[in-house]
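Trainee: Sharing a sequence plus its predicted fold:
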Amino acid sequence: MKTHLQNLLSQNKKLFVPFITAGDPNGEATVGLALALQKAGASAIELGIPYSDPLADGPVIQRASQRSLAEGMNIVKAMELVPVMRENGLTIPIILFTYYNPVLQLGKESFFALAEKNTIDGLLIPDLPFEESGDLRDSCRQHGVTFISMVAPTSSGRLKKIVSSAEGFLYCVSSLGVTGSRKSFDKRIFDFLEEVKQEADVPVLVGFGVSTRQHVEELTKTCDGVVVGSALIEEVERLSQKLKDPDARIAAFEEFQKKAASFVLPAEVEIGS
Amino acid sequence: MKTHLQNLLSQNKKLFVPFITAGDPNGEATVGLALALQKAGASAIELGIPYSDPLADGPVIQRASQRSLAEGMNIVKAMELVPVMRENGLTIPIILFTYYNPVLQLGKESFFALAEKNTIDGLLIPDLPFEESGDLRDSCRQHGVTFISMVAPTSSGRLKKIVSSAEGFLYCVSSLGVTGSRKSFDKRIFDFLEEVKQEADVPVLVGFGVSTRQHVEELTKTCDGVVVGSALIEEVERLSQKLKDPDARIAAFEEFQKKAASFVLPAEVEIGS
Amino acid sequence: GRYGEFGGKYVPETLMQPLAELQEAFEEAIADSGFMNEYRRLLSEYSGRPTALTYAENVSEKLGGAKIFLKREDLNHTGAHKINNAIGQALLAKKMGKTKIIAETGAGQHGVAAATVAAKFGLECKVFMGQEDVSRQELNVFRMKLLGAEVIPVHSGNKTLKDATNEAIRYWVQHCEDHFYMIGSVVGPHPYPQMVREFQRVIGDEAKEQLQSRLNTLPDKVVACVGGGSNAIGMFAAFIDEEVDLVGVEAAGKGTDTDLHAATIAKGTKGVIHGSLTYLLQDEHGQITEPYSISAGLDYPGIGPEHAHLSLTGRVSYESVTDDEALSALTFLAQEEGILPAIETAHALAKAFDLAKQMKQDETLMICLSGRGDKDVHTLMDSFEGGGKHEDTPAEPAFTK
Amino acid sequence: GRYGEFGGKYVPETLMQPLAELQEAFEEAIADSGFMNEYRRLLSEYSGRPTALTYAENVSEKLGGAKIFLKREDLNHTGAHKINNAIGQALLAKKMGKTKIIAETGAGQHGVAAATVAAKFGLECKVFMGQEDVSRQELNVFRMKLLGAEVIPVHSGNKTLKDATNEAIRYWVQHCEDHFYMIGSVVGPHPYPQMVREFQRVIGDEAKEQLQSRLNTLPDKVVACVGGGSNAIGMFAAFIDEEVDLVGVEAAGKGTDTDLHAATIAKGTKGVIHGSLTYLLQDEHGQITEPYSISAGLDYPGIGPEHAHLSLTGRVSYESVTDDEALSALTFLAQEEGILPAIETAHALAKAFDLAKQMKQDETLMICLSGRGDKDVHTLMDSFEGGGKHEDTPAEPAFTK
């Protein structure tokens, strides 16, 4: 039973979409971390499929990929974690974050069969830009999976085209760059976000380098929410040993939840609503 | 007081011209070795000047050169050994065997002044072929130094020219090759010797690789004598420690004399003389 | 941007606009006679083109079949065909107003070519190189530094070429405003495969003209080695529309029946690597696997998308050759012709020699001698004289019987 | 057989006839258009001539003086000018019916060239090499063996080039009936200095024509490094009767005021070495002394007799350049032009850069870039990064400011 990504995202608060890598440090921990994220107030979860060649990711998520691959995780096992999360009470949408190659290798039919069976709500492929994704977007629509599009400050002439066909939310790359924490955001990023905001019919989220609550407060003046990856993965990395230890795990989930909660802003009562 | 090389070489016996390197293993030993050679029956002595780059010599004489250079020997000191030999009773001719470069570096005038002063009888330069030696041969004649010419089996067209201007004796290279002991002589060498013999007005000696009495007996059927180098230098090398030891020296000279004597054939009473 | 179904631009959104700009600049450039004249002038006056076409007389006679001609890319400045492309891209970088270039390198050949043109064109140069390769190829690392380039060791993944390429792309994503990414083979997102081909097609164009003027004929067969495949594409480009057999040769390493090979077409499956849809070596879950070849220039897990297409359509046949076969062919060429080829090239030689034997004496076979073997002498010493990882593979000169 | 008083044939009697035969065969050969056409065909189709003439634009602009052109002998097959001569002599050996060649080598460059042409011409090849050099240059030893040559370590004397040459001559004396001695420079007894010059004059002839067709002018100055001096003679030959300044550059090693140098003309005296009367480094007793240079190709204690003559007559001026100056020039060229020259060549560069600064911008200076520096990378690493014998000589890039 899938959630309704579109509906869930149209809540009256700033959205918080955290990223975790499936299988980091192992599958059981991933389920617990997902539940912790829901408790912390996540609007949806990006569930990362570990990949040998994650060229859109910085070193933190690369390491997570390697830990996960070393544990034997793969795209099929990762999707199969989602029903386990559901059984344990996860109700927020799950967006699969994967490079294109594992999807290709699985084949479109198998992939969507697994996506449906495992209640995957959305799909985000960082190396499948708009022009290459037409066919897969069609398939997503047929199978009720929301295809998340990305835009970057360099998208310029292509921005309208991408924004107008966006579903679920728009993932704005906060700067030139791969994922990873950074200290501050360029002034130009806000101009870019405003431009996207004006065009978009769906929520506009910012990702890449959002690593402090202050970032969130700053960015959400312009946009509808944030995606947080590396900052949380660093926490997973730090807690890695505990997360693998059945006795220490519960405490680790709580620590993680606390960290995640720091990115969640209280719901505002918007003027005029 | 120089000897008269020409006269001494026209003795009624097969000639034996041994080679030793000046300064091997040191200057004093060289004097003693020269005297031992005279006692053994040498007709004249080739006194080798040690050289850094003895490209006409095989490994045995190369090593002698290196031992001598290490002792500090040079062309001037080597020539100065000759008067010491004379004082000790040496009466046979001394032929200086040197590469051209030490002579050049000394300069023609200095060289001949030293040659005269030190009673040098002859000069043999293995890297100064006929065509390059005209000027030096003239100087030799002016200073009463006999210039020894070499011929080789490959001299062919040039043979007559060299032979006709030969003084003292003709040094025939026994084979293609540099100095050093060898087992046997090519049949062609005898044809070559006979050809030289027919043309020559001076004694014809064979050198390069004469290392046993049997060689001497075989070769002197055709020619007038032999030059023996490496076979004697090997003996010097073997006796080296003793030759440097004042207590053992006398015995070593005697051993060396015995070895040298093995190359000396008894004077023949030639039929018709 | 496609060769049949292969190719494309599978890159982060951030790079789409820089790729579009690159494509526009490239298309403008190759249509601009001023640009192309400058490119050709540099090839001639700086890199020494045209490279010779050498008739391998002794080898041809010993094999008893086709007349074998060698297109001597080893005689280029820096010793391989890589410089053709590096010069072209450096000129393009200048034209686009970029002052900094980045490049990936495996064994260091493209890195050296990139560092070379960076020096010549006054560009800043960063070369990404896996830490494993940095350790194994210290001479090339030193050479790049001497040329003024910065060599950045890559510690991610398996620390080899694949990871260096990922890291170069990551760096480009972050710095695409003022950096030009100089890819060394006919791989990567469009327009790279097309651009690199156009900057390498001089190989085949020259060779074709040289053979024409020498024998007034086309070659019957053309053979080239394939890692990413730039020398092969450059060689094939001139003959693709002619009735000429084309053969690409991949590295079979220890054998395609083992796990140790780099035979992407023989053993790979469709997938995306470094921005391009092509054949690649991967596991059932789409994780890219590490290839193996004694030749550092051939152990790439992908292949240029145009090659994938040429294989699928059957226009080019792709064969594979083991380490040992390549070493035998290398020895044979060295001893018969006095030419020491790169181990990469030796793969093409091994297959070509086999094919030549089966051809008639009035036929001709042309091989792209993509690079010289000086860089490989350490590897060869290890292989032939023991003491290295390949000590159990003495190269029997199989061709000399 | 003389250049003024220099040259001649100071060899054992046994070699006089073989030298006469060689001279006759050589004179016949260079007058024979069939022979010369074959020689030129091989230079073109095998070695890749004509080599490029590269305008060193960045260097010229930085120095602010003459326009500097580089005659790119580094682009020859095997990476240096040595092959020009080796091809010529191998053809001559064939013509004379010899089936075996011998050669001497220091660092291994001429040895590799000889082994290369031996392979190409189906000749047996023995290369004499000092044991010291065999140990220091194991890569080149392996390369010669790979090409099918036998490398004979020489244990006499100082076990370096001088001794290897002595030993090669000794071997030739004993085997002159069926062996051809292939000398690698313009040294040795007549006719070698003349013969090697004629087989190297293609360098200058080409360069002259290339500059004529490019700028319609002669160079104002021509600079080349001198060990034995074959690249320099080959370069100078075309300009000797023209109004062109000619400059030869010797290796000053650690300085001509020390004992560690190879500056034969600056510091040597007349004497005989390897069959020829020339300048050489020797002590007061005429013992030849061991030279020193960081460049293995320049540390020869003699010099070609024609150079001795050209120095004495003043037609060519000879200068010397230290290890450190050469390394600076090498670095400068690498970083400005993307060309890594041999350390030998770097000596010519250092002097040429100094001279160019003092020239006007409308003047031209031409340098013979005699070989590539790939072979020297180990030496350079030792020098620049420490760990070797030259660790206290960091090369300040003196030319860049």
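Mentor: Looks like it came in fine.
Trainee: residues from the stretch 201-350 of chain C in reach of chain A?
Mentor: Neighbours of chain A within the stretch 201-350 of chain C, by Cβ under 8 Å from any Cβ of the partner chain: C:269-275, C:277, C:282, C:284-289. For every residue, glycine as well, the C-beta is placed using N, CA and C.
Trainee: Put the buried members of those residues into a ChimeraX selection.
Mentor: Buried subset of those, written as a ChimeraX selection, criterion 16 or more other Cβ atoms under 10 Å in any protein chain shown:
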select /C:270,271,272,273,274,275,277,282,285,286,287,288
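Trainee: Can you pick out the most distant pair from the residues of the stretch 201-350 of chain C next to chain A?
Mentor: Greatest spacing in these, by Cβ to Cβ: C:Gly275 and C:Glu284 (22.6 Å).
Trainee: returning to what we had before: which of the residues of the stretch 201-350 of chain C next to chain A fall within helices?
Mentor: Judged by DSSP state H, helices contain none of these.
Trainee: Could you list which of the residues of the stretch 201-350 of chain C next to chain A belong to strands?
Mentor: If you go by DSSP state E, those have C:269-273, C:277 in strands.
Trainee: Secondary structure of C:Ala238: a helix, I assume?
Mentor: No. Assigned with DSSP: H, G, I helix; E, B strand; the rest coil, C:Ala238 falls outside any helix and is coil.
Trainee: B:Ala248 versus the nearest residue to it once chain neighbours are set aside, what's the distance?
Mentor: Spatial nearest neighbour of C:Ala238, excluding adjacent residues (Cβ to Cβ, 6 or more residues apart in numbering or on different chains): C:Gly204 at 3.2 Å. Distance of C:Gly204 to B:Ala248, given as Cβ to Cβ, to the nearest Å: 81 Å.
Trainee: for C:Ala56, same thing?
Mentor: Using Cβ to Cβ, C:Ala56 is found at 67 Å from B:Ala248.
Trainee: try A:Asn101
Mentor: Counting by Cβ to Cβ, the separation of A:Asn101 from B:Ala248 is 88 Å.
Trainee: Tell me which of the two has more neighbours.
Mentor: With neighbours defined as other Cβ atoms under 10 Å in any protein chain shown, A:Asn101 and B:Ala248 compare such that A:Asn101 has more, 26 against 14.
Trainee: The more buried one and C:Val272 touch, don't they?
Mentor: Yes. Between A:Asn101 and C:Val272 there is a contact under Cβ atoms under 8 Å: 4.7 Å.
Trainee: So what's the residue count around A:Gln142?
Mentor: By the criterion of other Cβ under 10 Å, A:Gln142 has 9 neighbours.
Trainee: picking that back up, so the residue nearest to C:Ala238 makes contact with C:Ala232?
Mentor: No. Using Cβ under 8 Å, C:Gly204 is not in contact with C:Ala232, being 9.5 Å away.
Trainee: And for the residue nearest to C:Ile183 when sequence neighbours are not counted, the neighbour number?
Mentor: Leaving aside its sequence neighbours, C:Ile183 sits nearest to C:Tyr192 (Cβ to Cβ, 6+ apart; 4.7 Å). By other Cβ under 10 Å, 31 other residues sit near C:Tyr192.
Trainee: before we move on, back to that, ok, the residue nearest to C:Ala238 to chain A distance?
Mentor: C:Gly204 sits at a distance of 30 Å from chain A (criterion: Cβ to the nearest Cβ, to the nearest Å).
Trainee: which ones are touching that residue?
Mentor: C:222, C:234-239 (Cβ atoms under 8 Å, 6 or more residues apart in numbering or on different chains).
Trainee: how about the residues of the stretch 51-200 of chain C near chain A?
Mentor: Where the stretch 51-200 of chain C comes near chain A, counting by Cβ under 8 Å from any Cβ, the residues are C:156-157, C:162-163, C:166, C:169-170, C:173-177.
Trainee: quick one: pLDDT of the closest residue to chain A within chain C?
Mentor: Distance from chain A to each residue of chain C (Cβ to the nearest Cβ) is smallest for C:Gly286, at 3.3 Å. C:Gly286 carries a pLDDT value of 96.
Trainee: my guess is it contacts A:Asn101, does it?
Mentor: Yes. Counting by Cβ under 8 Å, C:Gly286 touches A:Asn101, with 4.3 Å between them.
Trainee: Can you work out which residues contact both of those two?
Mentor: Going by Cβ under 8 Å, 6+ apart, residues that sit against C:Gly286 and also against A:Asn101 are A:51, C:271.
Trainee: Run through the chain and note the low-pLDDT ranges.
Mentor: Using chain A. Residue ranges of chain A with pLDDT under 70: A:1-4, A:6-11, A:176-185, A:268-273.
Trainee: should've been chain C
Mentor: The model of chain C has pLDDT under 70 over residues C:386-401.
Trainee: how about the CA coordinates for the lengthiest strand in it, as PDB?
Mentor: Longest strand in chain C, counting residues (DSSP E): strand C:245-253. Output of strand C:245-253 as PDB, limited to C-alpha atoms (Å, rounded to 0.1, in the frame of the first residue of the first chain):
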ATOM      1  CA  ASP C 245      37.000  -5.100 -42.900                       C
ATOM      2  CA  LEU C 246      37.400  -3.400 -39.600                       C
ATOM      3  CA  VAL C 247      38.500  -5.300 -36.500                       C
ATOM      4  CA  GLY C 248      38.700  -3.900 -32.900                       C
ATOM      5  CA  VAL C 249      40.700  -5.800 -30.400                       C
ATOM      6  CA  GLU C 250      39.900  -5.900 -26.700                       C
ATOM      7  CA  ALA C 251      42.100  -7.100 -23.800                       C
ATOM      8  CA  ALA C 252      41.200 -10.600 -22.700                       C
ATOM      9  CA  GLY C 253      43.700 -10.400 -19.800                       C
END
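Trainee: I'd like the distance from it to the chain centre, please.
Mentor: On the basis of Cα atoms, centre = their mean, to the nearest Å, strand C:245-253 sits 12 Å off its chain's mean C-alpha point.
Trainee: Show me what it packs onto, helices and strands only.
Mentor: If contacts are counted by 3 or more Cβ pairs under 8 Å, 6 or more residues apart in numbering or on different chains; DSSP states H and E, strand C:245-253 sits against strand C:221-225, helix C:230-236, helix C:264-267, helix C:305-313, strand C:316-322, helix C:323-337, helix C:343-357.
Trainee: and A:Gln38, how many neighbours?
Mentor: For A:Gln38, the neighbour count with other Cβ under 10 Å is 21.
Trainee: nope, C:His347 is what I was after
Mentor: 38.
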